[in-house]
Structures are given as C-alpha cells and as structure tokens.
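Enquirer: Sequence unavailable; structure follows:
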Ligand SMILES: Nc1ncnc2c1ncn2[C@@H]1O[C@H](COP(=O)(O)OP(=O)(O)O)[C@@H](O)[C@H]1O
Ligand SMILES: [Mg+2]
C-alpha cells in the first residue's frame, strides 16, 4: 500500500496520494508525485527537504493556491475534518482559507502591505474573516499584538511595516495568521529570513502559542534545528516524494533513508567556538522536468542498486507509525 495510515488516531488533515504538475514551455514539471501524510489535532508536523523538493507547492495545494495554469492538481485528496478541499466550490473554500486554515508565507514582506499601517491591515483581516465590527476587530488585533509581544501595541497599530525590525514583522504576520483562531497554521519557512537569535525567539513564541491555542502546525523548513525544537512528527521530502515519515525522535535517532542520512550530515557542527562548514549531500535536487526514473534519489544515493534505477520504491512501515520509501528495506 502506498498510503500512510495511522490507525484510529483522529486526523485534522489528511493529504492522500497528491499529484501536481506544472505545464511550462519547456515541458511538464512533475512536482508532486504521490504525496500522503496526515496531521493530528494539536501537533506540529514538519515537512523538511532541500529547496525545490515540493514543500511550498504541497502547502499551497492545501489552500488551493496553486497558480492554474501552469499548475494542475492531477489527483489525490486533501481531507480537512473529512471534507475534500479539492472537491468543494471556490466559494466554500473562503470558509477555510485564512479562517480554519491560515498560512505564513515564505516571503514575510509579501504578507504585509507597505502602504497601510499594521493596525489597518490587522483590523481589515479580522473584520473580513470574523464578521465582527471594526471596533471589536481593533480590540482583537490589539490583543493579538500583545500576545506576540510587540511592545506598546497601541502605538504599534499606527505604524507602517517598514518601521519594525524583521523579527517584529514576523511576529505581526504570526499575529495576523492566528487572529481568527485557525485549527491549522501552515508556516512556510517562518524563520529563514531572520537572524539566529530572532529565529529562536520566534520558535519559542510559536511553540507557546501552539500550546495555548491548540492550533496544529504544518511547519515547513529546511532547518533541522527548527524541526528538533518544534515538531512532533516529521516528513522528509525529496523531489516530490515523501521518503521518510515518523516521530521526530525516531527520525533523528534512526535516519533510515539515505536522503535523511545525507540531510542530517548537513547539520552544521559547532566546534571551538566557530561554525564549521556544512557537509553537503553531493549533487543537487533534479530538475523535475526530467525526474530520474525509479527512485528519484538514486543518482545521488551512496547505496544505489540496480532496482533503484527502474522501480519507484513503495512506502514501507518499518516500525509502527514510521515509514520509509527505499529499496534497501524491502
Ligand atoms: N509556478 C511554477 N511553474 C513551474 N514549476 C514550478 C512552479 N512552482 C513550483 N514549481 C516547481 O515545483 C517544484 C517544487 O517547488 P517548491 O514547492 O517551491 O519547493 P520547496 O518549497 O521545497 O523549495 C520545483 O521543481 C519547482 O521548480
Ligand atoms: Mg518553499
């Protein structure tokens, strides 16, 4: 079987056998190649992998924000509380997007409009999504800014995005995303643009908000340090496939898949007070116009066998709840 089942555990989101292509002038980019995972209530689920592996496309598909054309969802289901979001009319989607499911995008500045004050943007978003008066929306906005620890929130409401630091802007974006109390927050590289100390503050903030508000988080990152700090379970993604999926502790400890092993070797090593160079995985993520046949990782895999060049491996449950897509474990 090629699907991930987690028995009787309650699911908030279930992505099932998702396929997405992009029809470009150069040809068909086979970006998402049968991706399945689910997210439980109250958990932080991380999607990790190098740039170009399909993390953002997967996230955007959940909110039906794939630009069409060139993108096309070719198959699969995205079940949110049992409702297939790929089947409902666009009008119904408005009840999910920004309300039940909200998203922090990879490019933090694109979420804030430079020509409006932070207050106007927050109030607008809240009034639009929650059908409350401007006055109530203002009070909710103020509370959210305090919650994400923006100092002097009342004054902050009157300022423009450029008057804040990068870290503060990201706090404001988080406030906006959480203002309507979503069941699922999708955070696409929420700390990548920030420096290390600010990253740590944002991670602590998200952990705290998640605990207090009970929001599930789909956390997208290529930073394994962030994964270790935040997530309950992890899916490792390579070239449009999930190659390993399990609890964060088992993933960190066992690293069954050669790609997972490669990613973990790329963690920076701290020694004698200075950061040593990353050990990178040789080669690069393939151009998905021409995905390698068989296992998409085979051209970079140190353990490559004949079968890997011909047959796509199935997802195998190696331990309860721990899945690996690799011919080494057949
Ligand atoms: N609009 C698009 N047109 C063509 N190809 C795209 C488009 N958006 C994404 N892709 C392709 O989909 C693949 C996955 O991209 P993405 O999800 O952004 O990767 P990640 O977020 O993991 O870095 C890449 O090969 C990328 O080139
Ligand atoms: Mg991305």
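Expert: Done, it's in. In this text the structure is predicted, and so the values were computed from the model without any measurement. Residues are numbered from 1 along each chain as shown. Ligands and ions are numbered 1, 2, ... in the order given.

Enquirer: Ligand 2 contacts on the chain?
Expert: Residues of the chain lying close to ligand 2 (Cβ under 5 Å from the ion) are 55-56. From N, CA and C alone the C-beta is placed, and that goes for glycine too.

Enquirer: which stretches of the chain form helices?
Expert: Secondary structure of the chain by DSSP state H: the helices cover 55-62, 90-93, 118-130, 134-147, 153-156, 166-178, 196-213, 224-230, 248-254, 258-265.

Enquirer: Any chance of a markdown table for the ones you listed, columns distance to ligand 1, mean neighbour count and mean pLDDT?
Expert: As requested, the helices of the chain are arranged in a markdown table below (distance: least, Cβ to the nearest ligand atom, whole Å; neighbours: other Cβ atoms under 10 Å; pLDDT from 0 to 100):
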| stretch | distance to ligand 1 | mean neighbour count | mean pLDDT |
| --- | --- | --- | --- |
| helix 55-62 | 3 | 22 | 96 |
| helix 90-93 | 19 | 10 | 95 |
| helix 118-130 | 24 | 20 | 91 |
| helix 134-147 | 27 | 18 | 93 |
| helix 153-156 | 31 | 16 | 96 |
| helix 166-178 | 18 | 23 | 89 |
| helix 196-213 | 18 | 16 | 87 |
| helix 224-230 | 14 | 20 | 90 |
| helix 248-254 | 18 | 17 | 95 |
| helix 258-265 | 13 | 20 | 91 |
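
Enquirer: export those helices to a markdown table and tack on distance to residue 190?
Expert: Shown next, in a markdown table, are those (distance: least, Cβ to Cβ, whole Å):
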| stretch | distance to residue 190 |
| --- | --- |
| helix 55-62 | 12 |
| helix 90-93 | 23 |
| helix 118-130 | 18 |
| helix 134-147 | 16 |
| helix 153-156 | 20 |
| helix 166-178 | 7 |
| helix 196-213 | 6 |
| helix 224-230 | 8 |
| helix 248-254 | 17 |
| helix 258-265 | 19 |
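
Enquirer: which one of the ones you listed lies closest to residue 42?
Expert: Evaluated with Cβ to Cβ, these place helix 196-213 nearest to residue 42, the distance being 7.8 Å.

Enquirer: Minimum distance to residue 104: which of the helices of the chain has it?
Expert: helix 166-178 (5.2 Å).

Enquirer: residues making contact with the closest one?
Expert: Residues outside helix 166-178 that contact it (Cβ atoms under 8 Å, 6 or more residues apart in numbering): 102-104, 108-109, 111-112, 118, 121-122, 125, 141, 144-145, 147-150, 156, 161, 164, 185, 187, 190-191, 193-195, 198, 201-202, 205-206, 209, 213, 215.

Enquirer: rerun that using 6 Å as the cut-off
Expert: The contact list for helix 166-178 (Cβ atoms under 6 Å, 6 or more residues apart in numbering) reads 102, 104, 108, 111, 118, 122, 125, 144-145, 148, 150, 161, 185, 194, 198, 202.

Enquirer: Show me which pair in those is furthest apart.
Expert: So, the contacts of helix 166-178 by Cβ to Cβ: farthest apart are 125 and 198, at 23.4 Å.

Enquirer: Show the pLDDT at the most centrally placed residue in the chain.
Expert: When Cα atoms, centre = their mean is applied to the chain, the residue found nearest the centroid is residue 220 (2.8 Å). Residue 220 carries a pLDDT value of 95.

Enquirer: does ligand 1 sit close to stretch 96-106?
Expert: No: with Cβ under 6 Å from any ligand atom as the criterion, ligand 1 is not reached by stretch 96-106; the gap is at least 7.1 Å.

Enquirer: what's next to that stretch, contact-wise?
Expert: Residues contacting stretch 96-106 (Cβ under 6 Å, 6+ apart): 63, 111, 129, 173, 177, 180, 182-190.

Enquirer: farthest pair in the residues you listed?
Expert: Largest separation among these by Cβ to Cβ: 129 and 189, giving 23.6 Å.

Enquirer: Many thanks, we can stop here.
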